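# 3D model of this:
(chains A, B, C and D)
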Protein chains: 4
Amino acid sequence: MARLQRRLAEFAAARDWQPYHTPKNLVAALSVEASELVEIFQWLTPEESMRVMADPDTAHRVRDEVADVLAYLLQLCDVLGVDPLAALDAKIDRNERRFPAPE
Amino acid sequence: MARLQRRLAEFAAARDWQPYHTPKNLVAALSVEASELVEIFQWLTPEESMRVMADPDTAHRVRDEVADVLAYLLQLCDVLGVDPLAALDAKIDRNERRFPAPE
Amino acid sequence: MARLQRRLAEFAAARDWQPYHTPKNLVAALSVEASELVEIFQWLTPEESMRVMADPDTAHRVRDEVADVLAYLLQLCDVLGVDPLAALDAKIDRNERRFPAPE
Amino acid sequence: MARLQRRLAEFAAARDWQPYHTPKNLVAALSVEASELVEIFQWLTPEESMRVMADPDTAHRVRDEVADVLAYLLQLCDVLGVDPLAALDAKIDRNERRFPAPE
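Predicted structure coming up:
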């Protein structure tokens, strides 16, 4: 993941894209990519949504949009100095206290 | 990351939440969390957006929403059998061909 | 609708909110409100989603978020000089040519 | 607006699209269209975002996405029995009490 973050930073730097990569712009781009994932599923029934990877073209589109969401999330974290894995670990800890599992 | 994916799966299983975790519902939840990140930045200038981590409360909110986005992305990948890091690696390869860096 | 647009403009002017109401910020706010609508429905089955107005609290929440989406859409149109009803009329005309109805 | 709502309902009925138009699917489609508006603005500065209608192609794209957002909002309101103008009127009333204007 650190390696991917470095690849993304080098990719942006080589194209002089950093001035565009303000946190405000990156969260907008992240939400746009998340919506492109939603678009794939918007008219599907729950059952159809579970079989989405059976079609090679749709499977490719899903992997592509997942990559885009992750790319903007990692770039945002890079710019803000946030460690996404540590943030998620801490969040699961909090959720375990907030929503105790039934015995 | 594999360990976090396992924690998330166990967390959902212990609460019987898997029936809700269809791909269709998970992408909707992912996009909702991405929008909660946007909400933090929506009225800020680009400059203000760069200083967002200087305020401890906002920094906490940002980390919390980053964690939520990553949580739903990992759960979606788990349900669909997608490897997010491999997907991003392949996507950067494609982008390097599509947008060659200027010499 | 013109009356509502005027009420919204006066509301924002009385609070000196116009500097925040750039088109970029208004579309972000619009998408955040649309996601708050999605949040109400994200874990529901298609059938449950059809009965959402039967619960008075949820019905109130739905009306509230519909109002927020419309508010930002009208403010965006005001700032950009777009007539939303004319835009929709033109769009339906185009769609009728693009997707001819079966006989 | 009632006329547009009728045109949209007839358009969907002529193509047998009503089974897809559950409230859950319509809010997803609404949020996807709102994100397509965001996409137009995501890399622009606030100043550039104010001049977006000066370019005829971008102006057309903006009008097109505004129409799509309004179309799904009206179809959602139709399916749920919500009056969007009344909802917005009530919301502005509430906001005037919540955020009193400075004298």
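
# Select the longest helix from chain A.
The longest helix of chain A (DSSP state H) is helix A:56-80.

# Tell me the residues of chain A that contact chain C?
Chain A comes close to chain C at residues A:Ala28, A:Ser31, A:Ser35, A:Thr45, A:Pro46, as judged by Cβ under 8 Å from any Cβ of the partner chain. Every C-beta, even on glycine, is put in place using the N, C-alpha and C of the backbone.

# how many neighbours does A:Leu4 have?
A:Leu4 sits with 18 neighbouring residues when counted by other Cβ atoms under 10 Å in any protein chain shown.

# same thing with A:Pro19?
Neighbours of A:Pro19 (other Cβ under 10 Å): 11.

# Name the SS class of it, please.
Under DSSP: H, G, I helix; E, B strand; the rest coil, A:Pro19 falls in the helix class.

# and the gap between it and A:Ala13?
From A:Pro19 over to A:Ala13 the distance is 11 Å, taken as Cβ to Cβ, to the nearest Å.

# cool, and A:Asp83?
21 Å.

# try A:Leu44
From A:Leu44 to A:Ala13 the distance is 39 Å (Cβ to Cβ).

# what about those two, which has more around it?
A side-by-side neighbour count of A:Leu44 and A:Ala13, using other Cβ under 10 Å, places A:Leu44 first with 19 against 12.

# Which of the three states applies to the more buried one?
Secondary structure, three-state DSSP: A:Leu44 is coil.

# Next, it: phi, psi?
Main-chain torsions, A:Leu44, degrees, to the nearest 10: phi -80, psi 150.

# quick one: what helix or strand has the nearest residue to it once chain neighbours are set aside in it?
Nearest non-adjacent residue to A:Leu44, counting by Cβ to Cβ, 6 or more residues apart in numbering or on different chains: B:Lys24, 6.0 Å away. Assigned by DSSP states H and E, B:Lys24 belongs to helix B:23-41.

# same question for the helix or strand just after that helix, mean pLDDT?
Of the helices and strands lying after helix B:23-41 in sequence (DSSP H and E), the nearest is helix B:46-50. Mean per-residue pLDDT for helix B:46-50: 97.

# and the nearest residue to A:Arg15 once chain neighbours are set aside, helix, strand or coil?
Leaving aside its sequence neighbours, A:Arg15 sits nearest to B:Ala101 (Cβ to Cβ, 6+ apart; 5.9 Å). Three-state assignment for B:Ala101 (three-state DSSP): coil.

# tally of neighbours for B:Ala101?
11.

# Okay, now the unreliable bits of chain A?
Across chain A, nothing is flagged by pLDDT under 70.

# Just want the residue of it that's nearest chain D.
Chain A approaches chain D most closely through A:Ser35 (3.5 Å), counting by Cβ to the nearest Cβ.

# about what we covered before: give me every residue that touches the residue nearest to A:Arg15.
By Cβ atoms under 8 Å, 6 or more residues apart in numbering or on different chains, the contact set of B:Ala101 is A:Phe11, A:Ala14, A:Arg15.

# Which residue is the nearest non-sequential neighbour of the second one?
Spatially, and ignoring its direct neighbours in sequence, A:Ala14 is nearest to B:Ala101 (3.8 Å; Cβ to Cβ, 6+ apart).

# Phi first, then psi, for that neighbour.
phi -70, psi 140.
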